[in-house]
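J.: sequence and computational prediction follow.
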Amino acid sequence: MKFCVAIDGPAAAGKGTISRAVAAHFGFAHLDTGLLYRAVGMKGGDPAQAASTLCPEDLARPDLRSLAAGEAASRVAVLPDVRAALLTFQRNFAAREGGAVLDGRDIGTVICPGADVKLFVTASAECRAERRWRETGEGSLAEVLEQVRARDARDMGRADAPLCAAEDAITLDTTTLSIDEAVDKALRIVRAQLERG
Ligand code: C5P
């Protein structure tokens, strides 16, 4: 059985938590596509070369979740050659047997426009900054908020595959939701689509 769930949205909106929960609940494989861009950003050298030679060790670096890696990712993510080098891997992952959940910025719009379910997970910038700040324990809240806003602007403003909701995506605003509530809503949406066949 092939079944693809595309989950997009800005930094720290809850995509990762929701994606992992959906994958675990339905037994689907999960790909955090942000990790690919983080690994390219942290590898150094020519970004397009780094993207076309990414290996499992690059994805196992312990510093990929840092704020610096997020910044580096968003800088290399504007480069069309980098995005092109990562496209086939992501599409093959999405088409695997047994179902797949991919989370990122352009999954529903570019990587898997035919996905069975598309979710756009979002939350206010203030709420996302506070979550990211608590999660990483780095910098001040004001600095993290500034970074979140700068990253939103870069991700939404780039020419190639900008962050935006696909026309047929269901928006899930997690600003006032607990993790359990957000996960529950996502599970219901995916279950309904699976039952529809
Ligand atoms: O989701 P995460 O915060 O790990 O992503 C880091 C950066 O990688 C994003 O800010 C974005 O610039 C880039 N990215 C992207 N397309 C994706 C996933 C991530 O451009 N599908």
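T.: Now that the structure is in, tell me what you want to look at. Numbers count the residues shown, from 1 in each chain.
J.: what bridges to the residue nearest to the spatial centre of the chain?
T.: Centroid-nearest residue in the chain, with Cα atoms, centre = their mean: Gly104, separated by 2.2 Å. Note on Gly104: beta-bridge partners by DSSP bridges are Asp8.
J.: how about the contacts made by it?
T.: In this structure, Gly104 makes contact with 7-8, 15, 32-34, 90, 111, judged by Cβ atoms under 8 Å, 6 or more residues apart in numbering. Where you see a C-beta, it was placed from the backbone N, CA and C, and this is true even at glycine.
J.: which parts of the chain sit against the ligand?
T.: Taking Cβ under 6 Å from any ligand atom as the measure of proximity, the chain contacts the ligand at 11, 33-34, 37-38, 70, 73-74, 77, 104-106, 151, 155.
J.: determine which two of those are furthest apart.
T.: Considering Cβ to Cβ, no two members of the residues of the chain next to the ligand lie farther apart than Gly70 and Asp106, which are separated by 16.4 Å.
J.: name the residue in the two with the higher neighbour count.
T.: Set side by side, Gly70 and Asp106 show more neighbours around Asp106, with 25 against 22, by other Cβ atoms under 10 Å.
J.: if we can go back for a sec, among the contacts of Gly104, which ones are in strands?
T.: 7-8, 32 (DSSP state E).
J.: out of the contacts of Gly104, who's the most crowded?
T.: Ranked by neighbours (other Cβ under 10 Å), those are led by Ile7, which has 31 neighbours.
J.: okay, it: pLDDT?
T.: Model confidence at Ile7, given as pLDDT, is 98.
J.: which ones are touching it?
T.: Ile7 sits next to 15, 18-19, 22, 101-104, 107, 118-119, 121, 186 when contact means Cβ under 8 Å, 6+ apart.
J.: from the residues you listed, which is closest to the ligand?
T.: Each of the contacts of Ile7 was checked against the ligand using Cβ to the nearest ligand atom; the closest is Gly104, at 2.4 Å.
J.: ok so, going back, quick check, nearest of the residues of the chain next to the ligand to Cys127?
T.: Sorting the residues of the chain next to the ligand by distance to Cys127 puts Ala11 at the head of the list, at 11.6 Å, by Cβ to Cβ.
J.: the closest one - that's part of a strand, no?
T.: No: using DSSP: H, G, I helix; E, B strand; the rest coil, the assignment for Ala11 is coil, not a strand.
J.: so it touches Val148, yeah?
T.: Yes: with contacts counted by Cβ atoms under 8 Å, Ala11 reaches Val148, the gap being 5.9 Å.
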